[in-house]
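1. A predicted structure for the sequence below; I have some questions about it.
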Amino acid sequence: MSKQEKQNINPPQHQAKPGDESQMMPEPQSEPAPEGKKLKGKVAVITGGDSGIGRAVAYLFAQEGADIAISYLSEHEDARDVQKHVEGVYHRKCLLFAGDLSKEENCREFIHKVVEKWGHIDIIVNNIATQTIQEKLENITSQLLLETFSTNIFSYFWITQAALPHMKKGSAIINSSSVTAYRGSPHLIDYASTKGAIVGFTRSLAGNLAKKGIRVNGVAPGPIWTPLIPSSFDEKETAQFGSDVLMGRPGEPNEVAPSYLFLACEDSSYMTGQFLHPNGGSILNT
């Protein structure tokens, strides 16, 4: 009996302490999952898959047997590098989609292209984000606020809405949040707010889709060395980036990607509505 097929309620039974596992009905499952490709035959959609965490996730998923569809804004060279690597090194298919996912029509077009190619979707990684340093709340214009929310959280709704009709029991949705959702960020107020919204979205959607057998989880990384950092901070800030966590350095994308793999595969079959925190020992304000 697979984990997906296991009944929710066990037969009535009682034992004297300490209990005997061999007498349990059914016996607990202790064997590890079979060795091999954890995502063999799966189709994974990764937004922002051209660089940073998205690229590392694309490579790891492809290594584990998944075909990959990545979206990106305009970084054509980075995206082609990912496609070349996925297809040349891991021998999996890789679909590229260039477009601004802060626009609903582009989200729907991206998913349409994926379904047109493969007919179904097994994994969604909602990952794109933008951030702009602002010293004061008053400096966050309505235009900037809408841009940040449209990219960082509205796109997650739109991508997932478009993809759900093409997902089935056993599928997984993984949303990228941030340590800033839990500790805040004085100079990234709008960004941190979207990351908090992603936590609420993830936990709410997990409850909504549980009966359909679709798991929804998230990853909340700490300071990770991605193109978002040098494009957001000045030279001095970039040089100090990540030094405030217990490990004293920023993480690498390939140190975060295994969290996404765990949540995408059968290893995490008893997890939904949860977040993993690869953050280098960041001290959270609780």
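-> Yep, it's here.
2. M167 touches G119, doesn't it?
-> No: using Cβ atoms under 8 Å, M167 makes no contact with G119, being 11.7 Å away. Yep, even glycine has a C-beta here, placed from its N, CA and C like the rest.
3. Counting neighbours, go ahead and name the busier of those two.
-> Legend: neighbour count by other Cβ atoms under 10 Å for M167 and G119, higher for M167 (22 against 9).
4. quick one, what contacts that one?
-> H120, I121, D122, I124, I214 (Cβ atoms under 8 Å, 6 or more residues apart in numbering).
5. List buried residues within those residues.
-> Taking 16 or more other Cβ atoms under 10 Å as the criterion, what is buried in those is I121, D122, I124, I214.
6. re the thing from before, using JSON lines, lay out the contacts of M167 together with secondary structure.
-> Putting those into JSON lines (DSSP: H, G, I helix; E, B strand; the rest coil) gives the following:
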{"residue": "H120", "secondary structure": "coil"}
{"residue": "I121", "secondary structure": "coil"}
{"residue": "D122", "secondary structure": "coil"}
{"residue": "I124", "secondary structure": "strand"}
{"residue": "I214", "secondary structure": "coil"}
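7. got a pLDDT number for N285?
-> You'll see N285 listed with a pLDDT of 47.
8. since we're on P227, how many residues are nearby?
-> 13.
9. pLDDT on stretch 53-66, on average?
-> For stretch 53-66, the per-residue pLDDT averages 97.
10. Also stretch 262-271?
-> On average, stretch 262-271 scores 97.
11. Now the longest helix seen in the chain: buried residues?
-> For the chain, the longest helix by residue count, based on DSSP state H, is helix 189-209. Across helix 189-209, burial judged by 16+ other Cβ under 10 Å covers 189-199, 201-203, 205-206, 209.
12. Over to stretch 27-45?
-> Across stretch 27-45, burial judged by 16+ other Cβ under 10 Å covers K38, L39, K42, V43, A44, V45.
13. How about stretch 106-116?
-> N106, C107, E109, F110, I111, K113, V114, V115.
14. Now, those residues that are in helices?
-> N106, C107, E109, F110, I111, K113, V114, V115.
15. and these as a markdown table, adding pLDDT and distance to V219?
-> Compiled in a markdown table, these are given as follows (pLDDT from 0 to 100; distance: Cβ to Cβ, whole Å):
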| residue | pLDDT | distance to V219 |
| --- | --- | --- |
| N106 | 98 | 24 |
| C107 | 98 | 20 |
| E109 | 98 | 26 |
| F110 | 98 | 21 |
| I111 | 98 | 21 |
| K113 | 98 | 25 |
| V114 | 98 | 21 |
| V115 | 98 | 25 |
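16. Give the rounded mean pLDDT of the longest helix of the chain.
-> On average, helix 189-209 scores 98.
17. Following element in sequence after it, please.
-> Moving toward the C-terminus from helix 189-209, the next helix or strand (DSSP states H and E) is strand 215-219.
18. Alpha carbons of that next one, in PDB - could you do that?
-> Taking Å, rounded to 0.1, in the frame of the first residue of the first chain, the C-alpha atoms of strand 215-219 are listed here in PDB:
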ATOM      1  CA  ARG A 215       0.300  19.200  -1.400                       C
ATOM      2  CA  VAL A 216       1.200  22.900  -1.000                       C
ATOM      3  CA  ASN A 217       4.400  23.900   0.800                       C
ATOM      4  CA  GLY A 218       7.000  26.600   0.800                       C
ATOM      5  CA  VAL A 219      10.600  27.600   1.300                       C
END
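19. Only the buried residues of the following helix or strand past that strand, if you could.
-> Downstream of strand 215-219, the next assigned helix or strand under DSSP H and E is helix 235-240. By 16+ other Cβ under 10 Å, helix 235-240 has no buried positions at all.
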